[in-house]
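Asks: Build me a model from this:
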Amino acid sequence: MQHSIAYTIIDSAFWIYTLLLLARVLGSWFSEFRDTHIFRVLAFYTDPYLNLFRRIVPPLGPMDISPIVAFFALQLAENVIKYFIGS
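Replies: Next up is the predicted model:
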């Protein structure tokens, strides 16, 4: 099935941002990675989005589950946008 250019751009943008979020979350597990330039760049682009969910979803002890909610919301937004532009 042939997709429109808009569909392909939306698909790619969400895929790239999902990878950035995943790298940010996984990188936060390693303290030696948190002090690197690449981690600061990842945090710059992903923390504003993650902070939306950190305000809503309280941490469960030492575990921050807000990224899980953020991933679901991102997937939902992608599906809604793709639905409206047509697949």
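Asks: quick one: contacts for residue 20?
Replies: Residues near residue 20 by C-beta atoms under 8 Å, 6 or more residues apart in numbering: 42, 45, 46. Placement of C-beta: from N, CA and C, glycine included.
Asks: now those as a markdown table including pLDDT?
Replies: Below are the contacts of residue 20 laid out as a markdown table (pLDDT from 0 to 100):
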| residue | pLDDT |
| --- | --- |
| 42 | 96 |
| 45 | 97 |
| 46 | 97 |
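Asks: Make a PyMOL selection of whichever of those residues turn out to be buried.
Replies: A single PyMOL command selects the buried members of those (16 or more other C-beta atoms under 10 Å):
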select buried, resi 42+46
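Asks: Out of the contacts of residue 20, list just those in helices.
Replies: Judged by DSSP state H, the subset of the contacts of residue 20 located in helices is 42, 45, 46.
Asks: These into JSON lines, with extra columns for distance to residue 80?
Replies: Formatted as JSON lines, the ones in helices among the contacts of residue 20 follow (distance: C-beta to C-beta, whole Å):
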{"residue": "42", "distance to residue 80": "25"}
{"residue": "45", "distance to residue 80": "22"}
{"residue": "46", "distance to residue 80": "21"}
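Asks: ok, so of those, who is nearest residue 16?
Replies: Nearest to residue 16 among the ones in helices among the contacts of residue 20, counting by C-beta to C-beta, is residue 45 at 10.2 Å.
Asks: Identify the residues contacting the closest one.
Replies: residue 20.
Asks: now it: how far from residue 19?
Replies: 11 Å (C-beta to C-beta, to the nearest Å).
Asks: where's the closest residue to residue 64 other than its chain neighbours, which helix or strand?
Replies: Of all residues not flanking residue 64 in the chain, residue 54 sits nearest, at 7.0 Å (C-beta to C-beta, 6 or more residues apart in numbering). Using DSSP states H and E, residue 54 sits within helix 37-56.
Asks: Understood, closing this out.
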